[in-house]
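Colleague: Take this sequence and fold it.
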Amino acid sequence: MRGPRAYASFVGIGLAAGLLSGLFGVGGGTIIVPLLVLLLGFNQRLAAGTSLAAIVPTSIVGVTSYALHGAVAWIPALILAAAAVVGAQVGTRVATRISQPVLRWCFVGFVVIVVVSLFLVIPSRDSQFLLSWFSGVGLVVLGFGTGVLAGLIGVGGGVIVVPILMLLFGFNDLEAKGTSLMMIIPTAISGTVGNLRHRNVDLLAATIIGLSACTMTALGAWLATQFDPKVGNILFAVYLAVIGVQMGLRAVRDRRKA
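Modeller: As a prediction, this is how the structure comes out:
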């Protein structure tokens, strides 16, 4: 996990994660985790912890870019974040008690759910969210569940939050992405603290990936305002499907070797 090839891979992973983070409103864990596993031989637990740490600076740059376009719903983001911070601590504790093959299959299942949800969502730039007691409770539930996933499989949760905010809460696509990135920041910090406690973070890799990602996040956020949201959803769904298949094949190979 060291040497010129590793460092070049960290930079490349960061650039890809940063671009897609800004474009789709995600932290980048769906790109970082599988590539660390597939390209550099990280185990699933270390890849998840390293991913969460790298997501922190990426999300800060991303939310700043969306805020400049007025595309962040601050109160819903804070509700989601508060619940997600608690969930992330639960997820990191559970992750230490689950075997790596199970974690890998959890990631594959997670990707399948995301791909299906992306095809169900019909993005709109005209939708308006109305905060009420009912929707507030829904945001708490969504935030907690997202936090658990973040701590468990190393993603900030944006790939779940963005489609659910559009499908169930009536957010427009840009506001859903900006709000998601805002929620991801404290979630990723909370999960990283838990992972550091259990020594599940490669700090050097996380730093290189995170800083590389920051150079591309603003570009991705700008592109999100230019692309047709339906096209963006389809492309992202196809990409995730490819990653999910790769991870599933690796899990099958590892089981055969065992």
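
Colleague: Run the chain-centre distance for stretch 90-102.
Modeller: Shown here is stretch 90-102, whose average C-alpha point lies 18 Å from the average C-alpha point of the whole chain (CA atoms, centre = their mean, to the nearest Å).

Colleague: any idea how far residue 5 is from residue 72?
Modeller: Distance, residue 5 to residue 72, by CB to CB, to the nearest Å: 38 Å. Any C-beta I mention is one placed from the backbone N, CA and C, and that applies to glycine too.

Colleague: more crowded one of the two?
Modeller: Just comparing residue 5 and residue 72: by other CB atoms under 10 Å the higher neighbour count belongs to residue 72, 22 against 11.

Colleague: Work out for me the element the residue nearest to the more buried one when sequence neighbours are not counted sits within.
Modeller: Distances taken as CB to CB, 6 or more residues apart in numbering place residue 178 nearest to residue 72, at 4.0 Å, with adjacent residues excluded. Secondary-structure element containing residue 178, defined by DSSP states H and E: helix 173-197.

Colleague: Show me what that helix is packed up against.
Modeller: Here helix 173-197 touches helix 44-68, helix 74-95, helix 133-153, helix 158-168, helix 203-226, going by 3 or more CB pairs under 8 Å, 6 or more residues apart in numbering; DSSP states H and E.

Colleague: Could you tell me the least trusted of these?
Modeller: Comparing mean pLDDT across the helices and strands packed on helix 173-197, the weakest is helix 158-168, with a mean of 79.

Colleague: Could you tell me which residues within that helix count as buried?
Modeller: When neighbours are counted by 16 or more other CB atoms under 10 Å, the buried residues of helix 158-168 are found to be 158, 159, 160, 161, 162, 163, 164, 165, 166, 167.

Colleague: Need those in JSON lines (columns: distance to residue 61).
Modeller: What follows is these, written out as JSON lines (distance: CB to CB, whole Å):
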{"residue": "158", "distance to residue 61": "14"}
{"residue": "159", "distance to residue 61": "18"}
{"residue": "160", "distance to residue 61": "21"}
{"residue": "161", "distance to residue 61": "18"}
{"residue": "162", "distance to residue 61": "17"}
{"residue": "163", "distance to residue 61": "22"}
{"residue": "164", "distance to residue 61": "24"}
{"residue": "165", "distance to residue 61": "21"}
{"residue": "166", "distance to residue 61": "23"}
{"residue": "167", "distance to residue 61": "27"}
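
Colleague: now, among those residues, which is nearest to residue 111?
Modeller: Of all the buried residues of helix 158-168, residue 111 sits closest to residue 159, with 8.4 Å by CB to CB.

Colleague: how far off helix 44-68 does the lengthiest helix in the chain point, in degrees?
Modeller: When the chain is scanned for its longest helix (criterion: DSSP state H), the result is helix 229-257. Angular relation of helix 229-257 and helix 44-68 on a 0 to 180 degree scale: 170 degrees, by axes from the mean of the first three to the mean of the last three CA atoms, to 10 degrees.

Colleague: just how off-centre is helix 229-257 within its chain?
Modeller: Relative to the centre of its chain, helix 229-257 is centred 15 Å away, using CA atoms, centre = their mean.
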